[in-house]
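>>> Structure here, sequence nowhere to be found:
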């Protein structure tokens, strides 16, 4: 079935994936803050800020922090420590337009119920980021509601986009340079702990009466059980445990890490020491597919699925240039 | 008829004088089409921009070109529904490169996101109509008045006088500081009742003109700027130069008289406010909107839960 326009496939491909670059940039900007966690792909939200009173900053890269938190939640579930934990969830949004009326960021009601705040960037000027507090979070989550709502309000301006620098003036009060984002995250953390209001570090505007919504477990940082990605997430957990055991027990210098450019590049990567370069490690990107057939251990794996049936009679082949 | 036969004799003479009346050439070609094509009425070149947008753009780019020419001053764009205004003016020193970039590419040197939060700015509210105004001034609609009334900060109101007729010339502008406007209680009530009406209800009374809102005893025409009289239709070298001068003096510290011939002293500090306060006002307005949406949504929910 041919596309209506020959470049339609490419244009959808580009505009749907531009947000992943912005997300990677935002997480790169806050990587030194020990309280920021990044979620697994296809989770409800993109990340979380740890705001528990008296918590120590986490160490290591985003992958290690995720696994450590996962293990901690698993071991302390139901205890006093578990209920005292405060995780402020956030999601990274982006818009591909230079016009003020199109710089509206969309979320679903399902996501809005649990998120504490939103980070938004525009490729028109990626050195700025906007922080929007979420006032619509609820403590009792209703059924999965996928209706889309807007995070901010931004209207058409009277002057052309070049007059306002391609960044909507309606969002200007929430905006700050990307380098000030760690400070803003710290402000939000302290606001969640009850030490005063959140104040935007660049514009100085104060959000009186807003306290970010916090949860105590990490289920929003991983795919939900009823989604199609849950099986692969569980499988990856097993792989991670295997590699970790090999690293600590057998002294194998191999490490499993999640890819920072989510979710398009690969499922995970393996880091091995580079032969001639001591400062950089070799990255091997791995594509992970689960095959549902029962096979005996002696099977030579001559019949392995390489494609999947897609809707409208198309076949989705694995491992192409566009599809992972 | 001729009784003496003179006419008949003349005809006979003409006939005798032309033995070969018929020419030997072919008949000359005669066009059967109309000499002139009927005029097909051509469409008027209508701009696809709304009149308000046209005025905002002209004001922005004209004053910015004055700023660029003098290498001093800057206009920043505020949110469209901002209670303070549509634009804000602040002091800014242009470099020669920025000046060149503006004149060549209309590249704006700095926007609101690049300025630090302690920058003092002067808010500007623009008003324009399709209809031209009289000497008693234009009127403010109920929506425009409610926007003006939301915030107690003093700002400069800029009225376009000529309306749609003046969309291609640099017409005079009325610049009125908003503290000169003091509506009476009756006028405020009228504005409020007008803005609360649905589209099917009739308005109660005529909305007051600018002359009825002023409390300084001056006429609206006393606030006029860039009134060039008959020279209006000549090409302008420095259009709206005196408006730029007024904005510059409002962003300074010394007090000045405005209107020029009156004795009313203006203290620039009262017109200036920090960018931080500008942002705060917008955030508070957004929070108010969100709270309305929240109570509306949760009002419905609590009904469901009670049942």
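That came through, no problem. Remember, predicted model here, so these are calculated numbers, not experimental data. Numbering: from 1, shown residues only, chains lettered A, B, ... in the order given.

>>> Counting neighbours, what do you get for residue A:37?
23 (other C-beta atoms under 10 Å in any protein chain shown). From N, CA and C alone the C-beta is placed, and that goes for glycine too.

>>> if I look at it, how far off is residue A:89?
9 Å (C-beta to C-beta, to the nearest Å).

>>> Ok, residue A:163 next?
36 Å.

>>> Going by how many neighbours each has, rank those two and give me the top one.
The neighbour comparison of residue A:163 against residue A:89 (other C-beta under 10 Å) goes to residue A:89, with 27 against 22.

>>> Spell out which residues sit in contact with the residue nearest to that one when sequence neighbours are not counted, please.
Leaving aside its sequence neighbours, residue A:89 sits nearest to residue A:45 (C-beta to C-beta, 6 or more residues apart in numbering or on different chains; 4.3 Å). For residue A:45, the contacting residues are A:39, A:89, A:90, A:91, A:111, A:114, A:115, A:220, A:221, by C-beta atoms under 8 Å, 6 or more residues apart in numbering or on different chains.

>>> Assumed the fourth one was part of a strand.
Going back to what we said before, that points to residue A:91. Yes: using DSSP: H, G, I helix; E, B strand; the rest coil, the assignment for residue A:91 is a strand.

>>> Touching, residue B:64 and residue B:102? I think so.
Yes: under the criterion of C-beta atoms under 8 Å, residue B:64 makes contact with residue B:102 at 6.8 Å.

>>> which residues do these two both contact?
Residues touching both residue B:64 and residue B:102 (C-beta under 8 Å, 6+ apart) are residue B:108.

>>> my guess is residue B:103 is in a helix, correct?
Yes: under three-state DSSP, residue B:103 falls within a helix.

>>> In terms of pLDDT, where does it sit?
Model confidence at residue B:103, given as pLDDT, is 94.

>>> all helices of chain A, in order?
A:8-29, A:62-76, A:80-84, A:109-112, A:181-192, A:230-249 (DSSP state H).

>>> on that earlier part again, next one: phi and psi at the residue nearest to residue A:89?
Taking degrees, to the nearest 10, you get phi -130, psi 170 for the backbone angles of residue A:45.

>>> Tell me which residue lies nearest the centroid of the chain.
Just going to use chain A. Central residue of chain A (C-alpha atoms, centre = their mean): residue A:46, 2.6 Å from the mean position.

>>> Correction: the question concerned chain B.
Judging by C-alpha atoms, centre = their mean, chain B has its centre closest to residue B:55, at 3.3 Å.

>>> For that residue, which non-adjacent residue is spatially closest?
residue B:128 (4.2 Å).

>>> Going by residue numbers, what spans are strands in chain B?
Ranges of strands in chain B, per DSSP state E, are B:72-77, B:87-93, B:120-127, B:156-160, B:173-177, B:224-225, B:256-257, B:265-266, B:273-274.

>>> what residue ranges in the stretch 101-250 of chain B are flagged as low confidence?
Applying pLDDT under 70 to the stretch 101-250 of chain B flags residues B:236.

>>> Can you get me a residue count around the residue in it positioned nearest to chain A?
For the stretch 101-250 of chain B and chain A, the shortest gap (C-beta to the nearest C-beta) falls at residue B:111, measuring 3.7 Å. Burial of residue B:111 is recorded as 19 neighbouring residues (other C-beta under 10 Å).

>>> Surely it is in contact with residue A:168?
No: using C-beta under 8 Å, residue B:111 is not in contact with residue A:168, being 10.7 Å away.

>>> tell me, what's touching the two both at once?
Common neighbours of residue B:111 and residue A:168 (C-beta under 8 Å, 6+ apart) do not exist.

>>> How much space separates residue B:9 from residue B:17?
12 Å.

>>> So what does the residue lying closest to residue A:113 once chain neighbours are set aside look like in phi/psi?
Nearest-residue entry for residue A:113: residue A:138, 4.7 Å, with adjacent residues in sequence omitted and distances by C-beta to C-beta, 6+ apart. Backbone torsions for residue A:138, taken as degrees, to the nearest 10, come to phi -120, psi 150.

>>> Could I get the pLDDT score of residue A:138?
83.

>>> One more: residue B:283?
94.

>>> Just give me the neighbour total for the residue nearest to residue A:303 when sequence neighbours are not counted.
Leaving aside its chain neighbours, residue A:303 sits nearest to residue A:293 (7.9 Å; criterion: C-beta to C-beta, 6+ apart). Residues within reach of residue A:293, counting by other C-beta under 10 Å, total 8.

>>> Please apply the same query to residue B:28.
Residue B:28: 6 neighbours (other C-beta under 10 Å).

>>> With residue B:200 instead?
For residue B:200, using other C-beta under 10 Å, the count is 5.

>>> Also residue B:113?
Residue B:113 has 23 nearby residues by other C-beta under 10 Å.

>>> Give the buried residues for the longest helix seen in chain B.
Counting by DSSP H, the longest helix found in chain B is helix B:275-306. Across helix B:275-306, burial judged by 16 or more other C-beta atoms under 10 Å in any protein chain shown covers B:275-287, B:290.

>>> Name the residues of chain A found near chain B, please.
Counting by C-beta under 8 Å from any C-beta of the partner chain, chain A comes close to chain B at A:100, A:125, A:128, A:135-136, A:152-160, A:162-165, A:167-170, A:172-175, A:200, A:202-207, A:209-210.

>>> What is the neighbour count of residue A:55?
Using other C-beta under 10 Å, residue A:55 has 15 neighbouring residues.

>>> how close does it sit to residue A:85?
Per C-beta to C-beta, residue A:55 is found 8 Å from residue A:85.

>>> got the phi/psi numbers for the nearest residue to residue B:267 once chain neighbours are set aside?
Nearest residue to residue B:267 in three dimensions, chain neighbours excluded: residue B:255, at 5.0 Å (C-beta to C-beta, 6+ apart). For residue B:255, the backbone dihedrals (degrees, to the nearest 10) come out as phi -80, psi 150.

>>> From chain A, how far off is residue B:255?
For residue B:255, the distance to chain A equals 28 Å [C-beta to the nearest C-beta, to the nearest Å].
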